[in-house]
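A.B. asks: Mind folding the following:
(2 chains)
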Amino acid sequence: MDFSPLTDALASKSYEKIADICDDLMLKVAAEGIAFQDEWPYVIHLLGYYYVNDINSARFLWKSIPSTIKDSRAEVVAAWKIGQHLWTRDYAGVYDAIRGFDWSQEAQALVAAFSELYTKRMFQLLLSAYSTISTQDTALFLGMNEDDAAYSDVQQQGWTLDPASRMLTVKKQPLVTEQKLDPSKLQRLTEYVFHLEH
Amino acid sequence: MQSIENLVTQIQGLSSNASDITALKDYLKAAEDLLRSESTRLLSFLDQLDPSKHSLVINVCKRYKDQVLLLEAPIRGVGPMLTAIRKIQSSTEHLTTLHPEFLQLCLLAKCYKAGLSVLEDDIYEINLPRDFFLYCYYGGMIFIGQKRFRKALELLHNVVTAPMSSINAIAVEAYKKYILVSLIHHGQFSSTLPKYTSSAAQRNLKNFSQPYMELVNTYNTGKIAELETYVQTNREKFESDNNLGLVKQVVSSMYKRNIQRLTQTYLTLSLQDIANTVQLNSSKEAEMHVLQMIQDGEIFATINQKDGMVRFLEDPEQYKTCEMIEHIDSSIQRIMSLSKKLTAMDELISCDPLYLGKAGRERQRFDFDDFDSVPQKFNI
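C.D. replies: So this is what the prediction gives:
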């Protein structure tokens, strides 16, 4: 089986492409009638899905894995544990699942990258959903130690801590997305409106 | 291998002429065993067959699909089937007989993403009505699997409202799923079908889906305990229809619906009050529900843990961004091209002798002054 597109993507750290590469490869290999299940990199495939937040596809992949593989390869089961927590939205459990296994060398880089991305996503969620939040919950959501959460990263973002109640006040960052003004689009819209009004 | 090459030359040679086609069919039947063992190499040989000349390609593909299912390895068929579809289609707007077979393979192999590539195309041309029914039904199921409920509803709606002279099983199953997805996505279900639905459907669909209609009624009471009891008592019926998973999603959607209703009445509300109104066990559970809804974009709110309050906000979308302009522009483009297509179809139908015959017959007798260019009796 030719895994070169996959190894290339891993080497170049284009992790967001891994899910698609794995999907295409799997269909191609399956069409050739090869029994690919024993050698298939399920761990990478699952992690690729988590990276692009496609937990649905991860679930279906897990359902299709033969039970012999589930019994014999502990890493695959551990990788799915992460997915399980993502699916049930057990935010803190995801970190436990990530840290609770000694990942193989080929999986380590991807796991670390996913862990970082996940923490960023959770941070964005906290930003948008909370005006005040306890240090305890912040620590849970961001997978940090409670004291770390209170003092370092989060305070750097401008959140203020009220030591008496152990509550952090969230500082909303105004979202600045670059607005590339495309005059031709505006021109078209103006034409539509003109046309509709006459 | 030797024999497959022979087969291909035979196909190419015999497809030119009608009587030869029968001979070819027999030849293919005999070659079935060969096909079975060589199914793995079928893909490369499909390339050599030009589908417009070899209509038996469809038969070959169907046999292939049956083989693949027999071997309990549906995933093997997904790739080749997709290639076959692209080869047979005259354009991406053409629905072939292979489309529903392909989608069925995707569902069985759990390769939902592969099915999406085919479902993204808009369809304007159909060969057989049965293809259309199955395509929309399987397509609806794939979208349900991917949790894209709006698109699922579109497709299921098509099955239910398609022209049919008598009720068929596909429409009945589609209607059951249509009810459930409607509850999940819209939080409500209207049992009146649009006017363009066939009379067969209008009269019969509801009779076949009684438990589902009652589920709707229980849902509308807004009481989660009642809904859960109803689901428990009728569990077997839903299970035998393979709809239990969807029904469970309906139940969990009720919490969301109830929380959303609160946003219409309150500006701020305590987590404990939310828990009480929506019948959750604790304010922490309520907080988790609200957080999940914020994450999914189903609600705009901020949680204040210090005071245990939630403040509901307006949709911050200002419709001023580039993405919004892009979105509006592409929607207008799509509608314009759709409009052109409809005009073209309308012109085509107005020239159709069958239509003119019917229109002529049903026309009232007019005075000389009202005389129109369409004759009252149109003899073909």
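A.B. asks: For chain A, which residues are neighbours of chain B?
C.D. replies: Within chain A, the positions near chain B by Cβ under 8 Å from any Cβ of the partner chain are A:23, A:26-28, A:30-33, A:56-57, A:60-61, A:63-64, A:89, A:125, A:128-134, A:137, A:165, A:167, A:177, A:179-182, A:185-186, A:188-189, A:192. Bear in mind the C-beta positions are built from the backbone N, C-alpha and C, glycine included.
A.B. asks: Next step: these restricted to helices.
C.D. replies: Under the assignment DSSP state H, these contribute A:23, A:26-28, A:30-31, A:56-57, A:60-61, A:63-64, A:125, A:128-129, A:137, A:185-186, A:188-189, A:192 to helices.
A.B. asks: list the helices and strands the helix or strand where B:Y178 lies packs on?
C.D. replies: Using DSSP states H and E, B:Y178 sits within helix B:169-186. Under the contact definition 3 or more Cβ pairs under 8 Å, 6 or more residues apart in numbering or on different chains; DSSP states H and E, helix B:169-186 sits against helix B:129-145, helix B:149-161, helix B:199-208, helix B:210-220, helix B:244-265.
A.B. asks: By mean pLDDT, show me the worst of those helices.
C.D. replies: Among these, helix B:199-208 has the lowest mean pLDDT, at a mean of 86.
A.B. asks: Just list what it packs against, helices and strands only.
C.D. replies: Packing partners of helix B:199-208 (3+ Cβ pairs under 8 Å, 6+ apart): helix B:149-161, helix B:169-186.
A.B. asks: Turn the ones you listed into a markdown table, columns for mean neighbour count.
C.D. replies: Shown next, in a markdown table, are the helices and strands packed on helix B:199-208 (neighbours: other Cβ atoms under 10 Å in any protein chain shown):
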| stretch | mean neighbour count |
| --- | --- |
| helix B:149-161 | 21 |
| helix B:169-186 | 21 |
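A.B. asks: and those helices as CSV, adding distance to A:V76?
C.D. replies: Shown next, in CSV, are those (distance: least, Cβ to Cβ, whole Å):
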stretch, distance to A:V76
helix B:149-161, 31
helix B:169-186, 31
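A.B. asks: Residue 141: neighbour count?
C.D. replies: Going with chain A. A count of neighbours around A:F141, defined by other Cβ atoms under 10 Å in any protein chain shown, yields 22.
A.B. asks: wrong one, chain B
C.D. replies: 24.
A.B. asks: I figured it hits B:K177, correct?
C.D. replies: Yes - contact status for B:M141 versus B:K177: in contact at 7.4 Å, counting by Cβ atoms under 8 Å.
A.B. asks: So for those two, which residues contact both of them?
C.D. replies: B:A152 (Cβ atoms under 8 Å, 6 or more residues apart in numbering or on different chains).
A.B. asks: Wasn't B:F189 part of a strand?
C.D. replies: No - according to DSSP: H, G, I helix; E, B strand; the rest coil, B:F189 belongs to no strand; its state is coil.
A.B. asks: Quick check, central residue of chain A?
C.D. replies: The centre of chain A sits closest to A:Y51, judged by Cα atoms, centre = their mean, with a distance of 3.7 Å.
A.B. asks: Apart from its chain neighbours, what residue comes closest to that one?
C.D. replies: What sits nearest to A:Y51 in space, not counting adjacent residues and going by Cβ to Cβ, 6 or more residues apart in numbering or on different chains, is A:Y15, at 4.9 Å.
A.B. asks: Whichever residue of the stretch 101-250 of chain B sits closest to chain A: how many residues sit nearby?
C.D. replies: Residue nearest to chain A within the stretch 101-250 of chain B: B:K110 (4.2 Å; Cβ to the nearest Cβ). B:K110: 18 surrounding residues under other Cβ under 10 Å.
A.B. asks: pretty sure it contacts A:L61?
C.D. replies: Yes - with contact defined as Cβ under 8 Å, B:K110 reaches A:L61; the gap is 7.5 Å.
A.B. asks: any low-confidence regions in chain B?
C.D. replies: In the predicted model, chain B carries pLDDT under 70 at residues B:1-57, B:362-380.
A.B. asks: which residue packs closest to A:T160, ignoring adjacent ones?
C.D. replies: For A:T160, ignoring the flanking residues on the chain, the nearest one in space by Cβ to Cβ, 6+ apart is A:T169 at 4.8 Å.
A.B. asks: Please apply the same query to B:I325.
C.D. replies: Once flanking residues are discounted, B:I325 sits nearest to A:K185: 5.2 Å by Cβ to Cβ, 6+ apart.
A.B. asks: coming back round to it: determine the angle, from 0 to 180 degrees, between the helix holding B:Y178 and helix B:149-161.
C.D. replies: 150 degrees (axes from the mean of the first three to the mean of the last three Cα atoms, to 10 degrees).
A.B. asks: Helix B:169-186 versus helix B:199-208: what angle between them?
C.D. replies: Counting by the same axes, to 10 degrees, helix B:169-186 lies at 70 degrees to helix B:199-208.
A.B. asks: hey, where'd the strands end up in chain A?
C.D. replies: A:130-134, A:160-162, A:167-169 (DSSP state E).
A.B. asks: Figure out which of these is closest to A:E106.
C.D. replies: strand A:130-134 (37.0 Å; Cβ to Cβ).
A.B. asks: hmm, who's touching the closest one?
C.D. replies: A:126, A:165-170, B:302-307, B:311.
A.B. asks: So for whichever residue of the stretch 51-200 of chain B sits closest to chain A, what's the nearest residue that isn't a sequence neighbour?
C.D. replies: For the stretch 51-200 of chain B and chain A, the shortest gap (Cβ to the nearest Cβ) falls at B:G79, measuring 3.7 Å. Closest residue in space to B:G79, ignoring its immediate chain neighbours: A:A31 at 3.7 Å, by Cβ to Cβ, 6+ apart.
A.B. asks: how near is the one you found to A:A74?
C.D. replies: 30 Å (Cβ to Cβ, to the nearest Å).
A.B. asks: Let's test this: name the helix or strand in chain A with the lowest mean pLDDT.
C.D. replies: helix A:146-151 (a mean of 67; mean pLDDT, DSSP states H and E).
A.B. asks: Tally up the residues packed near B:H94, please.
C.D. replies: For B:H94, the neighbour count with other Cβ under 10 Å is 16.
A.B. asks: and it, what are its bridge partners?
C.D. replies: B:E125 (DSSP bridges).
A.B. asks: Which residues are in contact with it?
C.D. replies: B:I123, B:Y124, B:E125.
A.B. asks: from what I can see the second one touches B:S90, true?
C.D. replies: Put plainly, it is B:Y124. No - with contact defined as Cβ under 8 Å, B:Y124 does not reach B:S90; the gap is 10.9 Å.
A.B. asks: the more surrounded of those two?
C.D. replies: A count of neighbours by other Cβ under 10 Å puts B:Y124 above the other of B:Y124 and B:S90, at 13 against 10.
A.B. asks: Could you pull up phi and psi at the more buried one?
C.D. replies: Torsion angles at B:Y124 (phi, psi; degrees, to the nearest 10) stand at phi -120, psi -20.
A.B. asks: Identify the bridge partners of A:T132.
C.D. replies: A:T169, B:N304.
A.B. asks: In contact with residue 107: list those residues for me.
C.D. replies: Because you didn't say which chain, this covers chain A. A:V43, A:I44, A:L47, A:E75, A:A79.
A.B. asks: right idea, wrong chain: chain B
C.D. replies: B:G115, B:Y138, B:M141, B:I142, B:G145.
A.B. asks: now swap in B:I85 and tell me
C.D. replies: Counted by Cβ under 8 Å, 6+ apart, B:I85 has contacts B:T96, B:L98, B:H99, B:F102, B:V118.
A.B. asks: picking up where we left off before, please convert the buried members of the residues of chain A next to chain B into ChimeraX selection syntax.
C.D. replies: Here is the ChimeraX command that picks out the buried ones among the residues of chain A next to chain B, judged by 16 or more other Cβ atoms under 10 Å in any protein chain shown:
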select /A:23,26,27,28,30,31,56,57,60,61,125,128,129,130,131,132,133,134,137,167,188
